Structures are given as C-alpha cells and as structure tokens.
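>>> Just a sequence and a predicted model for now, questions to come.
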Amino acid sequence: MSLQLVKPNKKYLPSVRKAIAEYKSDASKYEISAVRNMIAAEENGFATYFDDVEKNSQGIGLKPGYVPNTTYWLVDNDNYIGTFDLRHHLTPNLEQIGGHIAYQIRPSARGKGFASRGLKLCLEKAKDMGIKQVLVTCNAENTASYGTMSKVMLEVGGYEDETIKKDNIIEKRVWINTQKSR
C-alpha cells in the first residue's frame, strides 16, 4: 500500500470518476464542499476544476468570508480513496464550525481506517504550513467522523473542546497537535 495525499491531478481521474458515481449513489448528509465541487466538475468535464483548487490554495479569487485552503486527494497508488481540505487559517466562524480540516472517504473505502490515516497525513501538511494545532469539527450525529477525530487526537495529542450548538445542530470540536503527527 502506498497511501499518500496528493494535489488533485488528471492522472487520478479514472478512479475519481468511479468514486463520484459512488458519492452520487450513496449520498451523505455530511458531504463536504470539496466533494460537491468534484461532482460539479465531473459534470463539466473538469475544465476549470484543477485551476480553481490551485487558486483556492493560493488565496486567489476567494469568495467573501472564505480562507485559502488546499485540497488533497488521498490515493493508494492510482486509486482515489477520499478528499481532504486543509484551511490555512481560521475565521471566527470556522473556529466554531468547520475547523482546519474537512474530509470525506469514498463509500466503498469507508470503515477501513483510511480516514484516520488520511487525517494523520493531513496533520503533516498542516505542520509543514506552520500550524501547530488543527481544529477538526463534525456534526454530533456523525459518529464515524467523531470516532476518527477522537482516535487521532488520542494517538498524537490534543483535546476535545466544548460543543457548539448552531441552528439546532450540535457540532463536536477536537483540537489535534501536529507536532507528533509523523
């Protein structure tokens, strides 16, 4: 197994297209915007997708209230496993809900430990950016994501912060150290 986080690349499109079909047929109510962007890009032939994710990473042309973020694909050799979004810094809003890292694993790869391994790889990317602790949040009902966040936090260090309730949704919040992620 050669699991790694890579920037989106045309090389992985055959596997990504299969994953998009999975995402469409097994829609998650916790779908992240990076996956919604991939689905939209697939419908438009990925014409501008790669340029857009690179601009987002550089903070170019961001919508008001958005921060620079780098999108990574978790791949095993040429097989797309999932998407991780790393926000370079937090706004007051993201400090409550959203955090630094959002992730989603393709349906056929869920429950196999890919989320925790990908999250640890994303912690390395955050560390390389100079981020000492990352905030990861999820809907309290998303027990799989909460389990992943907590597991990684316990393995590398961090703490669980108070929950936030917004619009009748309870959000779990975990701060994870990047210093011990390697």
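Everything's here; your move.
>>> next structured bit after the worst-scoring helix or strand of the chain on mean pLDDT?
For the chain, scoring each helix and strand by mean pLDDT, DSSP states H and E identifies helix 33-43 as the least confident one, at a mean of 79. The helix or strand immediately downstream of helix 33-43 is helix 49-58, counting by DSSP states H and E.
>>> rewinding a little: touching the least confident helix or strand of the chain from outside, list them.
Helix 33-43 has contacts (Cβ atoms under 8 Å, 6 or more residues apart in numbering) with 16-17, 20, 23-24, 47-49, 52-53, 71, 83-85, 102, 104. C-beta: built from backbone N, CA, C; applies to glycine.
>>> Equivalent analysis for stretch 19-26, please.
31, 35, 38-39, 42, 80, 104, 106-108.
>>> about what we covered before: ok, so of the contacts of helix 33-43, who is nearest Ala140?
Using Cβ to Cβ, Ala102 comes nearest to Ala140 of the contacts of helix 33-43, at 16.0 Å.
>>> Just to check, the closest one is in contact with Phe84?
Yes. Between Ala102 and Phe84 there is a contact under Cβ atoms under 8 Å: 7.4 Å.
>>> could you pull out the helices for the chain?
With DSSP state H, the ranges of helices along the chain come out as 13-25, 33-43, 49-58, 92-96, 114-128, 143-156.
>>> Looking at those, spot the one closest to Gly65.
Here helix 92-96 is closest among these (Cβ to Cβ), at 7.1 Å.
>>> shaky segments in the protein?
1, 27-32, 180-182 (pLDDT under 70).
>>> Recalculate using a threshold of 90.
Applying pLDDT under 90 to the chain flags the ranges 1-2, 20-48, 65, 166-169, 179-182.
>>> Enumerate every residue touching the nearest residue to Lys11 once chain neighbours are set aside.
In this structure, Lys11 finds its nearest non-sequential neighbour in Asp78, 6.9 Å apart by Cβ to Cβ, 6 or more residues apart in numbering. Shown in contact with Asp78 (Cβ under 8 Å, 6+ apart): 11-12, 14-15.
>>> ok, Gly158 - contacts?
133, 174-177.
>>> Top of those by number of neighbours, please.
Most neighbours among the contacts of Gly158, by other Cβ atoms under 10 Å: Ile176, with 28 neighbours.
>>> Tabulate the contacts of stretch 19-26 (TSV), appending neighbour count and distance to Gly147.
Converted to TSV, the contacts of stretch 19-26 look like this (neighbours: other Cβ atoms under 10 Å; distance: Cβ to Cβ, whole Å):
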residue	neighbour count	distance to Gly147
Glu31	13	18
Val35	24	20
Met38	25	24
Ile39	15	26
Glu42	18	29
Tyr80	23	23
Gln104	25	15
Arg106	23	18
Pro107	16	17
Ser108	12	19
